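Engineer: Sequence and computational prediction follow.
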Amino acid sequence: MIMPTGRTMMKQWGPGMLDDFMLRAGLAGLAVALAAGPLGCFVVWRRMAYFGDATSHAAILGVALALGFSLSVFAGTLGVALLMALTVSTLAGRGWAMDTTLGVLAHSTLAFGLVAVSFISGVRTDLSAWLFGDILAVGWNDLWAIWGGALAVLALLVWRWDALLTSTVNEDLAHAAGLRPGRERLVLTLALALAVAVSIKVVGALLIAAMLIIPAAAARSLARSPEAMAVGAVAIGAVAALAGLLASLWLDTPAGPGIVAVASILFAGLAVLRPLRHGGG
Amino acid sequence: MPAMPGRGMSLISAEGLSVRYGGALALSDVTLAVEPGEIVTVVGPNGSGKSTLLRALLGIVPPAAGRVTRQAGLRVGYVPQRLHIDPALPMTAGRFLSLPRRQGRAAVAAALARTGVPGLQDRQMTALSGGQFQRVMLARALLTDPQILILDEATQGLDQPGVAAFYRLIEDVRRDLHCAVLMVSHDLHVVMSASDRVICLNGHVCCEGTPHVVSAAPEYRALFGLGTGGTLALYQHDHDHAHDHAHGQNHDEAVGAGDAG
């Protein structure tokens, strides 16, 4: 599988094109960081990491269906991710053993997606674009969809923030305060499906969950309030996105995995600093 | 519908309430009401449906039969049995008090001072002791200006002086706010003396009445009399009277409720 890197793109297109595709890639990366930061915090707080994995892996099936039926990939991934997220939260509500259920669903949808893609001629070669992302090939139309989806996720989370947070702390507590925890769970499910559809082009189906979890986990080391952690996760995600892109340009690394690698390095660095910081109080 | 003080309109009531968990009946045919300003305590052995009763009254679990009625617009202050805050979630006590509705710093400081833990607002919830944690939860419940405080085993994990101090605090708060209190407890001797009315629960209402009436009731003694002799010594019971069939009994002997408030 050949993954495009910043340097090969520059060689191909020459330095004149640099501004344009790097600008689009940078903007796409920032949009993903903006949506994934606060959403990832809820994924971490509610211990939904595997849930994020399952939803994003299912997106490959969405890609296959979209290509097979000539739909937009955004709509296909959104639809399948939403279906997956709803299935999982319904099963969880009925008391199924969650890690087994998720393990079965995550990997079987991924496998079916990969099998389905192989039937579609011409797609097989750039499957890596959907698995690992193809941020350098983001066009202006993609960018509109990515920013629209990211802002929708952000708006949803900001709108429901206090209710989501209360339900996350304790569902009975939320219930007694007149909230409906089931509805808040649905809001998160919807946000997760949207985030997956938005991010698949940028970091790829295999690494979307990483963009949810790693920046949020890294921000935990610095934060003293839930809001600070969400803002920190956005900042760390943004730094990772831009640094990953620059690495792609200078070091000839694949962009999507590079972004996740930078986020991991930031996580490790902040985790090491944490004990020093907390020593003071 | 506004509350009408002095008219005896119940804040929360259950009529013939039954609740199922899976296939099993956790509660059957429970009828009770909490009037404004009274302290009602639910006691019962483990698995007797105490927490289920509170959760059904709050509307968290649906009734399988019967009816739960809450006064329209009822302001409830709820202190759950256990609350685990994930270490991944950074949360100061002050921020916790603003869930789900934002509170001003002055209101937060006053609520924490009221419950005996002043100045904790910038401490992380995960760094609080058990006693501090319960008081912060109570402070949060008070911020809604509750008409009724509902406490589910609120003193679990506290030591004996801590338990006594916590219940004194509840009584003080009740006097200041004129709110009703409905609580579930294991701490029989401490709780019962502070209650206007005690409901003894074991899947159904075994007996109900003033602490004095209930502690003398054979149904109550059948549930608690043999196992917790030390605790009940405070009431100077004679432990000469055993019931082998508490479940099968009628509950007429000690029902003296309905006159409180």
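Structural biologist: Looks like it arrived, so ask away.
Engineer: So residue B:120 belongs to a helix, correct?
Structural biologist: No: remark: residue B:120 does not belong to a helix; assigned using DSSP: H, G, I helix; E, B strand; the rest coil, it is coil.
Engineer: backbone phi and psi for residue B:74, please?
Structural biologist: For residue B:74, the backbone dihedrals (degrees, to the nearest 10) come out as phi -60, psi 130.
Engineer: Same question for the one 4 residues further on.
Structural biologist: When quoted as degrees, to the nearest 10, the phi and psi of residue B:78 stand at phi -110, psi 130.
Engineer: roughly how far apart are the closest residue to it other than its chain neighbours and residue B:13?
Structural biologist: In space, not counting the residues next to it along the chain, residue B:78 is nearest to residue A:176; the distance is 3.5 Å by Cβ to Cβ, 6 or more residues apart in numbering or on different chains. Where you see a C-beta, it was placed from the backbone N, CA and C, and this is true even at glycine. With distances defined as Cβ to Cβ, to the nearest Å, the gap from residue A:176 to residue B:13 amounts to 17 Å.
Engineer: Let's verify residue 107: helix, strand, or coil?
Structural biologist: Looking at chain A here, since you left the chain open. Of the three states, residue A:107 takes helix under three-state DSSP.
Engineer: Residue A:176 and residue B:13: who's more crowded?
Structural biologist: Set side by side, residue A:176 and residue B:13 show unequal neighbour counts under other Cβ atoms under 10 Å in any protein chain shown, the larger going to residue A:176 at 25 against 18.
Engineer: what bridges to the residue in the stretch 151-261 of chain B that chain A sits nearest to?
Structural biologist: Across the stretch 151-261 of chain B, the shortest distance to chain A (Cβ to the nearest Cβ) belongs to residue B:152, at 8.5 Å. In this entry, residue B:152 is beta-bridged to residue B:184, by DSSP bridges.
Engineer: Is the residue nearest to residue B:78 in contact with residue B:76, as I believe?
Structural biologist: Yes: at 5.4 Å, residue A:176 and residue B:76 qualify as touching, with contact defined as Cβ atoms under 8 Å.
Engineer: Overlap in contacts, the two.
Structural biologist: B:58, B:150 (Cβ atoms under 8 Å, 6 or more residues apart in numbering or on different chains).
Engineer: Which neighbouring residues are in contact with the residue nearest to residue B:78, exactly?
Structural biologist: B:58, B:60, B:76, B:78, B:80, B:150.
Engineer: ok, the fifth one - how many residues close by?
Structural biologist: Read it as residue B:80. Look at residue B:80: counted by other Cβ under 10 Å, it has 22 neighbours.
Engineer: swap in the first one?
Structural biologist: The tally of other residues near residue B:58 (other Cβ under 10 Å) stands at 19.
Engineer: any idea how far it is from residue A:169?
Structural biologist: For residue B:58, the distance to residue A:169 under the criterion Cβ to Cβ works out to 16 Å.
Engineer: Run a quick neighbour tally on residue B:90.
Structural biologist: Neighbour count of residue B:90, defined by other Cβ under 10 Å: 25.
Engineer: who's in contact with it?
Structural biologist: Shown here is residue B:90, whose contacts under the criterion Cβ under 8 Å, 6+ apart are A:220, A:223, A:224, A:225, A:226, A:228, A:229, B:124.
Engineer: Select only the buried ones of these in ChimeraX?
Structural biologist: In ChimeraX, the members of those classed as buried (16 or more other Cβ atoms under 10 Å in any protein chain shown) are selected with the following command:
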select /A:220,223,225,226,229 /B:124
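Engineer: can you give me the end-to-end distance of stretch A:198-215?
Structural biologist: The distance separating the two terminal residues of stretch A:198-215, taken as Cα to Cα, to the nearest Å, comes to 17 Å.
Engineer: what's the answer for stretch A:120-133, then?
Structural biologist: Terminal residues of stretch A:120-133 are spaced 19 Å apart (Cα to Cα).
Engineer: Would you mind listing what in chain A touches chain B?
Structural biologist: With Cβ under 8 Å from any Cβ of the partner chain as the criterion, chain A meets chain B at residues A:44-45, A:47, A:162-163, A:165-166, A:168-177, A:179, A:217, A:220, A:223-226, A:228-229.
Engineer: about what we covered before: does the residue of the stretch 151-261 of chain B closest to chain A touch residue B:80 like I think?
Structural biologist: Yes: under the contact definition of Cβ under 8 Å, residue B:152 touches residue B:80, with a separation of 5.5 Å.
Engineer: Report pLDDT for the nearest residue to residue A:241 once chain neighbours are set aside.
Structural biologist: Nearest non-adjacent residue to residue A:241, counting by Cβ to Cβ, 6+ apart: residue A:29, 2.9 Å away. If you check residue A:29, the pLDDT there is 94.
Engineer: and residue A:29, how far is that from chain B?
Structural biologist: Computed as Cβ to the nearest Cβ, to the nearest Å, the residue A:29 to chain B distance reads 25 Å.
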